[in-house]
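*Asks:* Give the three-dimensional model of this entry:
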Amino acid sequence: MFNKEMYINRRTALMKSVNGGILILSGNTESPMNYPSNTYHFRQDSNFSYFTGLEIPNLALIMDLDNNTTILYGDDFEIDDIIWMGPQPSVGELALKCGITSTAPYQGFDAALKNANSVGKKIHFLPPYRAETKIQLNTLLNIPFELLKEKSSVDFIKAVVSLREIKSSVEIEQMEKACHTGFKMQTTAMKICKPGIYEREIAGAIEGIAIGDGGCVSFPVILSQHGETLHNHDHSQILEAGKLLLVDCGAENNQNYCSDYTRTIPVSGTYSPIQKQIYEIVLKANMDAIAAVKPGVKNIDIHLLACKVIAEGLKEAGLMKGDVDAAVKAGAHALFMPHGLGHMLGMDVHDMEGLGENYVGYNDSIKRSEQFGTAYVRLGKELKPGYVLTVEPGIYFIPTLIDIWKKEGKFTEFINYEKLEAFKTFGGIRIEDDVLVTETGGRVLGTPVPKTVAEIEKIMSL
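*Replies:* From the prediction side, this is the model:
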């Protein structure tokens, strides 16, 4: 938890950014796995955590913009809880830690919302993503479930995004810690990867590193020899010599700040000539894109730069043909890279996307494309100092997608389908780093994770 002045300043800035009514933030509740007292790991709502720093379930916050008051709602733990959990701070003590002086029992939150609603007061809430919060808003505000997202406050969303998207120096320190754990996770995967072991053995080992550093993984580990499946969470396969292993993982520290890295490594310890050729294309796209990061540059343009590097490399490899600029403009490259270059990173691994991807990654002047592939760019707007984003180009050979495009005769002027047939069992390659936008450019956070062919083969030989 940061010092209380930081949370006071955040709430003050938020309250100045929205006009009239009340702002409500519901903290998360415990979520049972299979019976009430056996719960999943508790994770506080990121927005609630950002404005209070409190990692306790069953809390809520109301900021009254008309009266300039803030009240924290929650109930003190009783002796039955303390027996199992040990001594716990009171709600009043928690409130003082984040600079709030007024508290009330949790049931008062429901009463306050009902009263505000009954007198026609403007109630600002963020898009709910958990069933418990949806039920609460539906019950208290009489808003149909299917309209909750539509009825959420755009002013509130935009105010939160404008605050959270710029990372302060203390937030960067926390992210560096998460990156340090991410470095250990990736390099451990490189060291223990070898033919004959299960993917799950590596996945379990690196998840344990995140837990051992006092946090958890920032998302379920993606680790598979079938890297052509972008988010492959199946770890059931035995590692085979000659295959590539895609490892996409990150850590979330005890302040909820995240890291997110991807490396693609050879199970045999060395890349084959064709694996090296394709890998080097992705590596160039990664490094050229990172070099292009600086304030004022539109991230959609950096995405297209990476796509052009990929198209040029694949043309040299004989898998694409024709005019590269025309191929990228038409979207032919998306057969090989059907996703965006990256996303915001912070207290969520896809930072703030629960508020609405377009509010986070786009604005009034930068609109989302409708073209396949480019439409999946999560962050398109101009970069500002303090942004942290991932840069993660990739090349994937997805058999089903290849077959569909070939059958449709799609982009035959740009794609060499005949030669592509031999690559249907290749898999996929992605290389991802976390980059801070500085005043003059971009800086990769954390200890550099090995990513050149020589670096990876060296660490895998140890």
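
*Asks:* contacts and neighbour counts: CA atoms only from here.
*Replies:* OK.

*Asks:* Would you agree residue 159 is in contact with residue 23?
*Replies:* No: applying C-alpha atoms under 8 Å, one finds residue 159 not in contact with residue 23, separated by 11.2 Å.

*Asks:* quick one: which of these two has more around it?
*Replies:* Neighbours per residue (other C-alpha atoms under 10 Å) separate residue 159 from residue 23, with residue 23 holding more: 22 against 17.

*Asks:* and the more buried one, which of the three is it?
*Replies:* strand (DSSP: H, G, I helix; E, B strand; the rest coil).

*Asks:* Could you do the one 5 residues further on as well?
*Replies:* Look at residue 28: counting by three-state DSSP, its state is coil.

*Asks:* burial of it, as a residue count?
*Replies:* Residues contacting residue 28 under the criterion other C-alpha under 10 Å number 22.

*Asks:* what does the one 4 residues further on give?
*Replies:* Around residue 32 there are 13 other residues, counting by other C-alpha under 10 Å.

*Asks:* Please enumerate the strands of the stretch 351-462 of the chain.
*Replies:* For the stretch 351-462 of the chain, the strands defined by DSSP state E, counting those that start in this stretch cover 388-391, 394-396, 428-430, 433-437, 442-444.

*Asks:* counting contacts, what elements does the first one pack onto?
*Replies:* It stands for strand 388-391. The contact analysis (3 or more C-alpha pairs under 8 Å, 6 or more residues apart in numbering; DSSP states H and E) places strand 388-391 against helix 273-292, strand 433-437.

*Asks:* do that again at 6 Å, thanks
*Replies:* strand 433-437 (3 or more C-alpha pairs under 6 Å, 6 or more residues apart in numbering; DSSP states H and E).

*Asks:* For this structure, name the helix or strand with the lowest mean pLDDT.
*Replies:* Within the chain, no helix or strand scores below helix 79-85, which has a mean of 86 by mean pLDDT, DSSP states H and E.

*Asks:* so residue 441 makes contact with residue 296?
*Replies:* No: at 9.8 Å, residue 441 does not count as touching residue 296 under the criterion of C-alpha atoms under 6 Å.

*Asks:* Around the closest residue to residue 193 other than its chain neighbours, count how many other residues there are.
*Replies:* Leaving aside its sequence neighbours, residue 193 sits nearest to residue 267 (C-alpha to C-alpha, 6 or more residues apart in numbering; 6.1 Å). For residue 267, the neighbour count with other C-alpha under 10 Å is 23.

*Asks:* confidence score at residue 267?
*Replies:* Residue 267 carries a pLDDT score of 98 in this model.

*Asks:* Tell me who's in contact with it.
*Replies:* 194, 241, 243, 244 (C-alpha atoms under 6 Å, 6 or more residues apart in numbering).

*Asks:* next one: residue 293
*Replies:* 441, 442 are the contacts of residue 293 under C-alpha under 6 Å, 6+ apart.

*Asks:* Now with 8 Å, please.
*Replies:* For residue 293, the contact set (C-alpha atoms under 8 Å, 6 or more residues apart in numbering) comprises 299, 302, 383, 437, 441, 442.
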